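Asks: Please work out how this folds:
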Amino acid sequence: MGIKKNHLERYRQALLAKRREVADKAALAADIDVAPKASEDMEQALNSYEHELAISRKEGFWSQLRLVDEALRRMEKGTYGLCLECGEEIAPTRLQVVPWARLCLLCQEDEERRAALDKRDESYWLQGELVEMEG
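Replies: So this is what the prediction gives:
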């Protein structure tokens, strides 16, 4: 069936607007000084936390920018709106909310479940390592 041309143009405009928004935020984040400052222990811990938070935000902006750019490339290739996992069409309601979506809702949920399990397994593994180190 595919996406109607007028809907495709709406998604393209939404993606371009999101790209500008994220690029602006990424540029502002790049201007933030993320170098940790040496000082008292409590202040140093806060500075370290702020440093990690700033780096995480920058990475988030670049990650979202990459997703938007990938969606724009899929538009050019004629594969926009198709799930990269199962090949089925992504629901128009999903694309309206997340125009850079790579996966249909079912595949996205599966991916999130797998990621949660991997994180849980990693957490258990790390806890086991701590027990061995302490013991």
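Asks: in this protein, what spans have low per-residue confidence?
Replies: Counting by pLDDT under 70, the chain shows low-confidence ranges at 1, 30-41, 45-47, 49, 51, 124-135.
Asks: Tell me who's in contact with Val22.
Replies: When contacts are counted by CB atoms under 8 Å, 6 or more residues apart in numbering, Val22 is found next to Phe61, Gln64, Leu65, Val68. (C-beta placed from N, C-alpha, C; glycine too.)
Asks: Neighbours of the last one, how many?
Replies: By that I understand Val68. Look at Val68: counted by other CB atoms under 10 Å, it has 22 neighbours.
Asks: just checking, it touches Ala17?
Replies: No - at 9.7 Å, Val68 does not count as touching Ala17 under the criterion of CB atoms under 8 Å.
Asks: re the thing from before, which of the contacts of Val22 has the most neighbours?
Replies: Of all the contacts of Val22, Val68 has the most neighbours under the rule other CB under 10 Å, reaching 22 neighbours.
Asks: so what's that one up against?
Replies: So Val68 contacts Leu15, Lys18, Arg19, Val22, Trp100 (CB under 8 Å, 6+ apart).
Asks: Let's see which of those end up in strands.
Replies: Within these, no residue falls in strands by DSSP state E.
Asks: Please produce CSV containing the residues you listed, extended by distance to Ser123.
Replies: As requested, the contacts of Val68 are arranged in CSV below (distance: CB to CB, whole Å):
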residue, distance to Ser123
Leu15, 35
Lys18, 33
Arg19, 35
Val22, 30
Trp100, 29
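Asks: Next, check those residues against the helices and list the overlap.
Replies: Counted as lying in helices by DSSP state H, out of the contacts of Val68, are Leu15, Lys18, Arg19, Val22.
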